[in-house]
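> Mind folding the following:
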Amino acid sequence: MILSERTTPWAATRSGPTVLGVATANPDSSYSQEDLLDLYDIEDPRIRSVFLNSAIERRFLNVPPYGDDGRPRMETQGELLAKHKVRGTELGARALQTCLKRIGAAVSDIGYLVCVTSTGLLTPGFSALLIRELGIPTDCGRLDIVGMGCNAGLNALNATTGWASANPGRIAMMVCVEVCSAAYVFDGTMRTSVVNSLFGDGSAAIAVSHAPDRPGPQVLKYASRIVPDAVDAMRYDWDDDQGKFSFFLDRDVPYVVGAHAEEVVTDLLKGTGLRRSQIAHWLVHSGGKKVIDSVSVNLGLTRHDVRHTTDVLRDYGNLSSGSFLFSYEQLLREGVTRPGDYGVLMTMGPGSTLETALVRY
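Purely as a prediction, here's the structure:
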């Protein structure tokens, strides 16, 4: 249908930075939920139920070395931080290099590099480590986003596309690096078991450029919503008994996120001339089965709408900040997008925060 000038949505006349390509990477080893329960000799029926009713079949993980008892041994906080640095750099490098190869670019073409992580603390951060590891130009602009959580991928993409808009024709890249197994605590409690049943290891890279002549979806707009009353619903605490940081997820997180999903999407579409029914593609963070269900109910999304989200959860678990890019990669493989289609990207995390972006294919 050809839209008249009167009915043309604002979004149809806008141009934004183009997504040139995306790529993902995971550790070599993956485990079913049953594998992990057997590996750690977990017999508590409550914990087994959490693992086996998570809508997750497999996850890629960096399991600790085995001890004398034939079981993975407990890692110190120092060992966890070292794993985060070493394995994270490996995964980030693989995702970044694959992304560049797909778009026919070289590391020398990168003008800006944004790295995101919430599963460990590094100084200097992954941006400096990847520049050294891959030979990225030393005058490359860079930004490290640490500790924002699962929503941080879209916070970082906002900064990445902002730089691309200010530097037309140049390539900006974002890399999400999440070694979630470097943030595990095994103490037999339900609190840590919920976390340990959910998250997987992985990295995702995306390349953007303000280059209207290049094929790819354009990022048109962002919208954000934070719920300060739920600031403690997702957080890291220091566990004195374990000598480690321990992640906490409140049981009400799915409902808090779902209750505010419609508000942030309304903000995103406000002034664009678009209705929610005109969004052809939804890429929602794979935060967990209850999170996906809550968001779907509140936005009126079908199982088909969130098929990539549920597939990523099933095959990888929650990959924190990079999850939505795993879904985006699956959408590209499916090959169903058409020129002019609109899509919404949505992530959520500590704060509690919801981040969204509007794209046109």
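
> going forward, measure contacts and count neighbours with C-alpha atoms only.
OK.

> what's residue 235 in contact with, if anything?
Contacts for residue 235 (CA atoms under 8 Å, 6 or more residues apart in numbering) come out as 247-249, 350.

> Generate a markdown table for those, with neighbour count and pLDDT as supplementary columns.
A markdown table is the format used below for those (neighbours: other CA atoms under 10 Å; pLDDT from 0 to 100):
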| residue | neighbour count | pLDDT |
| --- | --- | --- |
| 247 | 20 | 91 |
| 248 | 16 | 88 |
| 249 | 17 | 88 |
| 350 | 24 | 95 |
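
> Please convert those to JSON lines, extending it with secondary structure.
Converted to JSON lines, these look like this (DSSP: H, G, I helix; E, B strand; the rest coil):
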{"residue": "247", "secondary structure": "strand"}
{"residue": "248", "secondary structure": "strand"}
{"residue": "249", "secondary structure": "strand"}
{"residue": "350", "secondary structure": "coil"}
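
> Could you look up the SS state of residue 149?
coil.

> Could you verify that residue 116 is part of a strand?
Yes. Assessed with three-state DSSP, residue 116 lies in a strand.

> Isn't it up against residue 173?
No. Counting by CA atoms under 8 Å, no contact exists between residue 116 and residue 173, whose distance comes to 11.2 Å.

> tell me the domain ranges of the chain?
If you go by automatic domain parsing, the domain ranges for the chain are 10-16+216-360, 20-209.

> tell me the strands in the stretch 101-250 of the chain, going along the chain?
For the stretch 101-250 of the chain, the strands defined by DSSP state E, counting those that start in this stretch occupy 110-117, 141-146, 171-179, 201-209, 218-226, 234-239, 244-249.

> ranking those by burial, who's on top?
Mean neighbour count, computed with mean count of other CA atoms under 10 Å, is highest for strand 171-179 among the strands of the stretch 101-250 of the chain, reaching a mean of 32.

> Report the distance from that one to the chain centre.
10 Å (CA atoms, centre = their mean, to the nearest Å).

> mean confidence for that strand?
On average, the pLDDT along strand 171-179 is 98.

> do stretch 279-292 as well
Rounded mean pLDDT across stretch 279-292 is 97.

> Could you check how far that stretch is from the centre of its chain?
Worked out by CA atoms, centre = their mean, stretch 279-292 lies 11 Å from the chain centre.

> Over to stretch 276-288?
That offset, for stretch 276-288, works out to 14 Å (CA atoms, centre = their mean).

> got the contact list for that stretch?
By CA under 8 Å, 6+ apart, the list of residues contacting stretch 276-288 reads 54-55, 150, 198, 269, 292, 305-306, 308-310, 312-313, 317-320, 323-324, 327-328, 341-348.

> and if you look at stretch 290-300?
Residues contacting stretch 290-300 (CA under 8 Å, 6+ apart): 253-255, 257-259, 261-262, 284-286, 301-302, 306, 309-310.

> Kindly write the ChimeraX command that selects the buried subset of these.
A single ChimeraX command is used to select the members of the contacts of stretch 290-300 judged buried by 16 or more other CA atoms under 10 Å:
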select :253,254,255,257,258,261,262,284,285,286,301,306,309,310
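
> can you tell me which of the contacts of stretch 290-300 are in helices?
When the contacts of stretch 290-300 are checked against helices (DSSP state H), the matches are 253-255, 257-259, 261-262, 309-310.

> from these, which is closest to residue 188?
Ranked by distance to residue 188 (CA to CA), these are led by residue 253 at 21.8 Å.

> which residue sits closest to that closest one, ignoring its sequence neighbours?
residue 233 (6.4 Å; CA to CA, 6 or more residues apart in numbering).

> What segments of the protein are helices?
Under DSSP H, the chain gives helices at 10-13, 33-39, 45-52, 77-103, 126-134, 152-166, 190-196, 253-269, 289-299, 307-316, 323-334.
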